[in-house]
Structure formats: structure tokens, C-alpha cells
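Novice: Here is a sequence with its predicted model. Questions after.
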Amino acid sequence: MSKIIEVCVPDIGDFNNVPVIEVLVKAGDKVEKDASLVTLESEKSTMEIPSSHAGTVKSIKLKVGDKVIKGSEILTLEVEDAPTAPAAPETPSPVPAVEQTAVAPMAGGQHIHADVVVLGAGPGGYTAAFRAADLGKKVVLVERHASLGGVCLNVGCIPSKALLHVAKVISEAAEVGAHGVKFGKPEVDIDQVRGWKENVVGRLTGGLSQLAKQRNVQVIRGRGQFISPHHIKVETAEGEMDVSFDSAVIAAGSQVVNIPVFPEDPRIMDSTGALALAEVPKRMLVIGGGIIGLEMATVYHALGSKITVVELGEQLIPGCDKDIVKPLHKKIEKQYEAILLKTKVAALEAKKDGILATFEGGNAPAPQLFDRVLVAVGRRPNGKLIGAEHAGVAVNEQGFIPVDKQQRTNVPHIFAIGDVVGQPMLAHKAVHEGKVAAEVIAGHKAAFDARTIPSVAYTDPEVAWMGVTETEAKAQGIEYEKASFPWAASGRALSIGADYGATKLLLDKETRRIIGAAIVGPNAGELIAEAVLALEMGADAQDIGLTIHPHPTLSETLCFAAEMAEGTITDLYIKRR
């Protein structure tokens with residue numbers, strides 16, 4: 001006997017009105033339990049929503065471009081002997097913390113005990129480990145990679161910024177030609193560039209190893225998994241190790257999202273492969289117009305590749321306001337072969353002379369051949385890869401681990417931080433969460449209570465934003481006032497050829513406090529920090545406007561934007577209302 005059930009969007013954390021960028025099934029398809037149904041995209045990451053049951057799709061209730069929240073209906077499904085609605089997952093019962101003497105070693109293998117075990121040595125993980133050690137705890141740090149630092153330091157934030165610096169120098173050398181200083185075409189020694197990048201990574205990861213030694217943090221290199229509420233099994237090169245603990249911090253991070261219908265071919269890369277810099281292809285296709293895809297496009301364009309970017313959504317960098325993204329889009333569309341919005345890569349086919357890409361959508365061109373393809377459609381959390389169920393730790397359908405403001409999971413002595421606890425998947429968020437977890441374990445009164453978490457795209461020009469975006473303010477019905485200062489009126493911006501830049505502040509209409517900000521232009525990632533501090537401290541437009549900024553600097557643009565809101569600006573003429 002079969003029944004029709006509704007499959008809805010599950011808990012996706014603190015996110016509302018998340019756009020659907022891909023519908024992965026159609027009516028009549030047979031799907032297995034946990035098979036992906038739709039893809040959502042928010043800021044830097046995408047998430048695939050799995051099916052709660054196995055069955056046959058009867059009708060699709062969403063389309064690309066729709067925005068969803070928890071509970072939005074995705075589709076109806078015909079299932080065998082199914083209940084009328086999917087049952088809520090049973091929440092594991094909290095496991096009380098126990099004294100160290102109650103933790104007994106498991107049979108077999110080498111055993112050690114720690115006050116605190118940290119699973120994952122990315123920015124959040126090593127921060128948690130070092131802070132706990134500083135607070136007097138005996139700490140074991142488990143990392144599956146050869147070097148500390150996780151994805152960020154080894155194959156993410158740091159190596160990409162090293163390459164982006166090289167790209168920026170090449171770009172500036174070309175642009176200064178318009179001001180009367182001309183250089184010859186750059187000669188790129190790809191091996192030396194790669195060596196520079198690896199040197200930067202090596203210095204930082206080596207420094208972390210030294211910091212771990214100074215704090216007596218024991219580092220175990222291997223793949224760790226929970227086997228009970230107080231034990232982690234680590235598979236090391238020397239054999240299996242059993243680590244018992246009083247408290248644990250899960251900092252397991254995330255992994256790139258792969259598209260299973262694409263063939264396996266070394267010329268089809270994820271962000272890790274792109275950062276390896278094996279070669280500079282003549283033509284490169286970037287699938288995904290988010291931060292990661294555009295940063296890698298910036299690097300490879302500067303090194304000599306012809307770039308095509310494909311984005312399923314309506315704009316580049318979803319999550320940022322369109323007016324702030326516009327100067328970036330306007331600049332790179334003159335440099336790249338193509339920027340294809342509202343377009344999907346329907347298929348990739350490995351050919352002897354390249355990768356043949358077929359496109360779908362309103363702006364879809366004819367099939368084209370590329371030397372390399374970068375798939376940059378987001379990341380997914382690793383919550384389901386660590387044996388969390390053996391410790392009783394709840395993990396939701398997407399692989400995220402729910403936590404409270406003290407970073408506690410449903411098991412009181414096990415904490416979780418970073419990408420694995422939810423959006424945004426950013427290293428600077430993980431660092432602060434790691435400190436909170438360590439301090440709570442040590443008995444301090446601490447909580448993660450950030451009013452905003454800034455986002456930065458290290459493109460050329462850079463794009464940065466924090467707080468409420470204008471798009472979000474409109475959707476949420478927030479009464480706000482906007483003040484935008486064009487960099488064409490900034491002496492410093494004009495002197496460096498950045499007259500296209502802009503600084504925008506959003507103010508609460510009643511209190512006139514800063515509730516959001518966005519910047520596009522050189523060093524936007526550095527400049528946004530002042531706006532973050534302003535929001536955290538409850539500053540209003542007058543506070544910013546009366547703060548004396550050095551002249552001439554780009555930092556003045558925040559002051560000027562505030563003066564525009566206050567009606568005191570003299571660097572522009574604003575007609576009195």
C-alpha cells in the first residue's frame with residue numbers, strides 16, 4: 001500500500017529566504033532516502049536538501065529562484081507504507097559529564113587520556129586547543145592532514161591569498177600603463193609562483209606546530225572518529241590509537257560540494273585542485289559565481305587564462321547587495337571571455353583535446369571546449385563523517401551539528417565549532433567559537449554572541465559586507481536609511497585609480513545606529529572592520545562622522561558615508577531636502 005507525503009525543507013539554521021539554485025529531480029523520478037532533491041545557496045556556501053524517504057516523485061513544488069525557509073514544501077512523494085508526514089528524528093538523550101576516573105581505556109591499541117580532545121586542527125580547532133591549554137587543560141589535538149591549519153591554511157584561505165597577491169601585482173602593473181608607466185608582458189614562472197605559495201603555507205603551518213609544542217598540546221595525526229561518549233579512535237600511520245577524554249571539541253570542518261553527474265577527470269578541478277596550480281590553462285570554465293569561484297578566476301586570469309564564469313543565480317556573489325557587486329561585475333566582464341548568469345552547466349564531457357561543456361538557461365551559449373574546469377559550488381559540513389552517533393551527538397540532515405551559545409551539543413561535555421555548526425562557513429567565525437568552547441570547558445562564563453560576522457571576497461576589486469544587507473532589510477520589513485559615498489569623490493581613491501569604488505552604510509531609521517555596511521574597492525576587506533566595530537559598539541552615524549580619519553585615505557569613505565547620512569558632508573554637494 002502506498003501513500004503520498006510532503007517533503008519539506010528541514011532546519012537550515014538561522015537562515016530565511018534562501019534561494020533555490022537547482023532542482024535535482026523531476027516528477028516520476030525514483031529517489032532513495034537521503035538523495036539530494038534541491039540545492040540552496042547562501043553567501044559562501046551551498047547546501048543540498050536530502051529526501052526524508054525513498055519513493056517516487058509525484059509533483060515538484062519549487063522552481064529555481066524561489067526562496068525558502070524551514071518548512072517550505074519541496075515536493076510530494078509516493079512511498080510504501082509511509083506515515084502522512086516524515087517523523088522527526090529522535091534527539092539523543094544528553095549524556096552527563098563524568099569524572100576522569102570513570103573513563104576507562106578501550107581494549108586494544110595504544111591509549112592516552114586528555115582533559116580536552118579537539119577533533120580537527122583548522123583555525124577554530126587549533127584556537128580551541130591552544131586556549132584550553134593556556135587555561136591549564138591537558139589537550140590532545142587530532143588532525144587527519146600532515147600539517148596543522150586545516151583547509152584554511154593548507155588548501156584554502158592562505159594559499160589563495162598568496163596567489164591573489166601575485167595576481168594583484170600583475171594587474172596593477174598593467175593598469176599603471178594608463179598613467180604613463182609601461183611594463184613589458186610578465187614572464188610567469190609557474191613553478192616559482194607555486195613555490196612562493198607553498199613557502200607562505202609552510203611558514204604558517206610550521207609556526208602552528210611550534211605553538212603546539214610550546215603549550216604542550218599533543219598532536220595526533222590521523223583520522224579520528226567517536227566510538228563512545230568519552231572515546232575517540234584515531235587511525236594513524238603507526239596503527240590505531242584510543243583517546244579518552246573528559247571534554248571534546250568537534251572542529252571537523254567541511255568539504256567541497258561535488259556534482260556527481262560530472263565525469264572524473266584531472267582537468268575538472270575543485271578549489272583544492274585549482275590552488276595546486278598544476279598549469280595555467282588557455283581557457284578555463286568556472287562553475288559558480290560565488291566568492292571561491294571568483295577568487296580563483298582572478299588568479300588564473302592574471303596568470304594568462306581566458307575565463308568564463310557560469311552562475312545559476314541572478315548575480316555574482318549571492319548574498320551581497322547587487323549595487324555593491326556591480327563595479328566588480330562591470331570590471332571583470334571586460335576582462336573575461338564571458339559571465340553567464342541564470343545559466344547552468346548541464347553536462348561536461350571529457351574529450352582528448354579538452355572538456356566539452358554544454359549549457360542550459362536563458363543566456364546559454366553553444367557547447368564549448370575548455371582546457372580546465374573549476375567546480376566551485378560551495379561546501380558541505382563533515383558532521384556525518386566523525387561517528388557522532390556513537391557519542392550520542394545530534395547531527396541534522398545536512399551534516400550540521402546544532403549547538404547553543406556556549407557551543408555545546410546536545411551532549412553536555414561535547415562541543416562543536418566552525419563550519420560543522422552552520423553558516424556562515426568562515427574561519428574568523430570558527431576562531432571566536434573555538435575560544436568560547438575552550439573557556440566554557442575551563443569553567444569560565446563565556447558565550448558566542450557576535451552581532452555580525454563580516455564577509456569578504458578577495459577579488460579585484462574586493463567586496464566586503466557586514467550586518468544587514470539592503471536586500472535583507474527590504475525582505476524583513478526593516479525601516480532603514482541608506483547612505484552611499486562614491487569613491488569618485490575620494491582623493492585617495494582617485495590617486496590609485498579606484499574611482500569605481502563605493503562605501504554604503506545602512507542605519508536604523510529610528511535610532512540611526514549602524515545596522516549594515518558594504519564596501520567595494522581596493523582593501524575593502526580591511527576597511528569593513530571599522531563598520532563591524534561600529535555595529536558591535538552600538539555606534540550611530542554621528543559617531544562615525546565625528547571620528548577624525550586620516551587624510552587622504554580610503555578609510556575616510558566610511559566617515560563621508562556617515563556625513564552624508566547626517567547631512568554634514570562637504571566633499572559632495574547634496575541638495576537640501
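Specialist: Thanks, I have it.
Novice: For the rest of this, base every contact and every neighbour count on C-alpha atoms.
Specialist: Fine.
Novice: which stretches of the stretch 151-300 of the chain form helices?
Specialist: For the stretch 151-300 of the chain, the helices defined by DSSP state H, counting those that start in this stretch occupy 157-175, 190-214, 271-276, 291-303.
Novice: what do you get for the chain?
Specialist: 123-134, 150-155, 157-175, 190-214, 271-276, 291-303, 322-335, 427-441, 470-476, 491-495, 524-536, 541-545, 556-566 (DSSP state H).
Novice: could these go into TSV alongside mean neighbour count, mean pLDDT and distance to residue 458?
Specialist: Converted to TSV, these look like this (neighbours: other C-alpha atoms under 10 Å; pLDDT from 0 to 100; distance: least, C-alpha to C-alpha, whole Å):
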stretch	mean neighbour count	mean pLDDT	distance to residue 458
helix 123-134	27	97	19
helix 150-155	22	87	14
helix 157-175	18	94	8
helix 190-214	15	93	16
helix 271-276	18	93	15
helix 291-303	24	96	6
helix 322-335	16	97	11
helix 427-441	24	96	14
helix 470-476	15	95	21
helix 491-495	16	96	18
helix 524-536	19	97	7
helix 541-545	20	96	25
helix 556-566	24	96	19
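Novice: Columns distance to residue 573 on top of the ones you listed, output as JSON lines?
Specialist: Compiled in JSON lines, those are given as follows (distance: least, C-alpha to C-alpha, whole Å):
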{"stretch": "helix 123-134", "distance to residue 573": "46"}
{"stretch": "helix 150-155", "distance to residue 573": "45"}
{"stretch": "helix 157-175", "distance to residue 573": "30"}
{"stretch": "helix 190-214", "distance to residue 573": "46"}
{"stretch": "helix 271-276", "distance to residue 573": "46"}
{"stretch": "helix 291-303", "distance to residue 573": "35"}
{"stretch": "helix 322-335", "distance to residue 573": "21"}
{"stretch": "helix 427-441", "distance to residue 573": "39"}
{"stretch": "helix 470-476", "distance to residue 573": "24"}
{"stretch": "helix 491-495", "distance to residue 573": "16"}
{"stretch": "helix 524-536", "distance to residue 573": "24"}
{"stretch": "helix 541-545", "distance to residue 573": "16"}
{"stretch": "helix 556-566", "distance to residue 573": "9"}
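Novice: nearest to residue 9, of those?
Specialist: Comparing the helices of the chain against residue 9 with C-alpha to C-alpha, the closest turns out to be helix 470-476 (19.4 Å).
Novice: How far away from the center of its chain is that closest one?
Specialist: 21 Å (C-alpha atoms, centre = their mean, to the nearest Å).
Novice: Could you list every helix and strand in contact with it?
Specialist: Applying 3 or more C-alpha pairs under 8 Å, 6 or more residues apart in numbering; DSSP states H and E, one finds that helix 470-476 contacts no other helix or strand.
Novice: what about dumping the CA coordinates of that helix to PDB?
Specialist: Extracted as PDB, the C-alpha positions of helix 470-476 are listed here (Å, rounded to 0.1, in the frame of the first residue of the first chain):
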ATOM      1  CA  GLU A 470      19.800  46.100   1.900                       C
ATOM      2  CA  THR A 471      18.200  43.100   0.300                       C
ATOM      3  CA  GLU A 472      17.600  41.500   3.700                       C
ATOM      4  CA  ALA A 473      16.300  44.800   5.100                       C
ATOM      5  CA  LYS A 474      13.600  45.000   2.400                       C
ATOM      6  CA  ALA A 475      12.600  41.400   2.700                       C
ATOM      7  CA  GLN A 476      12.300  41.700   6.500                       C
END
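Novice: Residue 399 is nearest to which of the helices of the chain?
Specialist: Proximity to residue 399 (C-alpha to C-alpha) singles out helix 427-441 among the helices of the chain, at 16.6 Å.
Novice: picking that back up, who wins for proximity to residue 33 among the helices of the chain?
Specialist: With C-alpha to C-alpha as the criterion, residue 33 lies closest to helix 271-276 of the helices of the chain, at 29.0 Å.
Novice: which outside residues touch that closest one?
Specialist: 155, 156, 159, 160, 194, 256, 292, 293, 296, 374, 375, 376 (C-alpha atoms under 8 Å, 6 or more residues apart in numbering).
Novice: what mean pLDDT does stretch 381-399 have?
Specialist: Averaging pLDDT along stretch 381-399 yields 95.
Novice: Between the two ends of that stretch, how far is it?
Specialist: Length of stretch 381-399, first residue to last, C-alpha to C-alpha, to the nearest Å: 5 Å.
Novice: Quick one: low-confidence residue ranges for the stretch 1-150 of the chain.
Specialist: For the stretch 1-150 of the chain, the stretches with pLDDT under 70 are 13-16, 42-46, 81-109.
Novice: hang on, the earlier thing: can you put the helices of the stretch 151-300 of the chain in CSV and add distance to residue 323?
Specialist: What follows is the helices of the stretch 151-300 of the chain, written out as CSV (distance: least, C-alpha to C-alpha, whole Å):
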stretch, distance to residue 323
helix 157-175, 23
helix 190-214, 33
helix 271-276, 27
helix 291-303, 16
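Novice: quick revisit: quickly name whichever of the contacts of helix 271-276 is closest to residue 402.
Specialist: residue 256 (20.6 Å).
Novice: Okay, and the beta partners of that closest one?
Specialist: Per DSSP bridges, the residues bridged to residue 256 are residue 379.
Novice: What separation do you get for it and residue 381?
Specialist: Taken as C-alpha to C-alpha, the span from residue 256 to residue 381 is 9 Å.
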